[in-house]
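Novice: Quick one: sequence and predicted model below, then my questions.
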Amino acid sequence: MSRWLMITVDMHHTKKGENLVLQGAQILIIEDEPLIALDVEAAVHLAGAGLVSTAQTVEQALSMVEAPGLSGVIVDLRLHGQSVREVVKRLTERSIPFVFYTGADDIPTARAWPTAPVVSKPTDPGEAVRLLAQLMSKR
C-alpha cells in the first residue's frame, strides 16, 4: 500500500513535462506476477509512456513483440518457469531495446545479451524505466 501511495504522491508533485523520459513511447512489460506488472506499469505511465501492454506468458510475449511501433520492453527472465530467450532473441532481431527486470537467476540468458541492463527485483521499477529510457535515447 505504501508503494502505491508513494507513486500517487509523486504523480501529484511532478511538474508537467518533468521526468517524462518515455514520453509517448509504446512499452511492453513482460512479467508473470500480476502485482509486479502493475507496479512496473505505474512507473512506465509515470514516465509518460503513451501505450503500455503486458504479456504474462512466453507465447503472449512472442506475439506482442511483433507489434508495429514498439519502442521498448521491460522483461522478466522467466515466465511461469519458462525462459524468455526466444522473446529476447526476437527483440534483438527487431532492434527493440529492452531491460531485464528479474528476481530469477537465469544467468545464461542474461549473459547472452551482455549489453542489456539487468535490474534485480525488488529494486524500484523506476530504475528499469530509467535504464530503458537511456537505451531508447541511443536509437
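Specialist: Nice, thanks for sending it over. Numbers count the residues shown, from 1 in each chain.
Novice: How are the helices of the protein distributed by residue range?
Specialist: Remark: helices of the chain, listed N- to C-terminal, are 2-13, 34-46, 58-64, 85-93, 107-112, 125-137; assignment by DSSP state H.
Novice: Output those as TSV; include the columns distance to Tyr101 and mean neighbour count.
Specialist: For the C-beta atoms, the positions are set from N, CA and C on the backbone; glycine is no exception. Rendered in TSV, the data for the helices of the chain read as follows (distance: least, CB to CB, whole Å; neighbours: other CB atoms under 10 Å):
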stretch	distance to Tyr101	mean neighbour count
helix 2-13	15	11
helix 34-46	7	18
helix 58-64	14	17
helix 85-93	13	17
helix 107-112	11	13
helix 125-137	4	20
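Novice: Tabulate these (CSV), appending mean pLDDT.
Specialist: Formatted as CSV, these follow (pLDDT from 0 to 100):
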stretch, mean pLDDT
helix 2-13, 36
helix 34-46, 95
helix 58-64, 97
helix 85-93, 96
helix 107-112, 79
helix 125-137, 95
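Novice: Distance to Ile74 for those - can I get that in JSON lines?
Specialist: Shown next, in JSON lines, are the helices of the chain (distance: least, CB to CB, whole Å):
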{"stretch": "helix 2-13", "distance to Ile74": "16"}
{"stretch": "helix 34-46", "distance to Ile74": "6"}
{"stretch": "helix 58-64", "distance to Ile74": "11"}
{"stretch": "helix 85-93", "distance to Ile74": "11"}
{"stretch": "helix 107-112", "distance to Ile74": "14"}
{"stretch": "helix 125-137", "distance to Ile74": "5"}
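Novice: Now for the closest residue to Gln56 other than its chain neighbours, how many residues are close by?
Specialist: Distances taken as CB to CB, 6 or more residues apart in numbering put Asp32 closest to Gln56, at 5.0 Å, once the chain neighbours are dropped. For Asp32, the count of nearby residues is 20 (other CB atoms under 10 Å).
Novice: swap in Arg78?
Specialist: 16.
Novice: ok now do it, which residues does it touch?
Specialist: Residues in contact with Arg78 (CB atoms under 8 Å, 6 or more residues apart in numbering) are 32, 84, 102, 104, 106.
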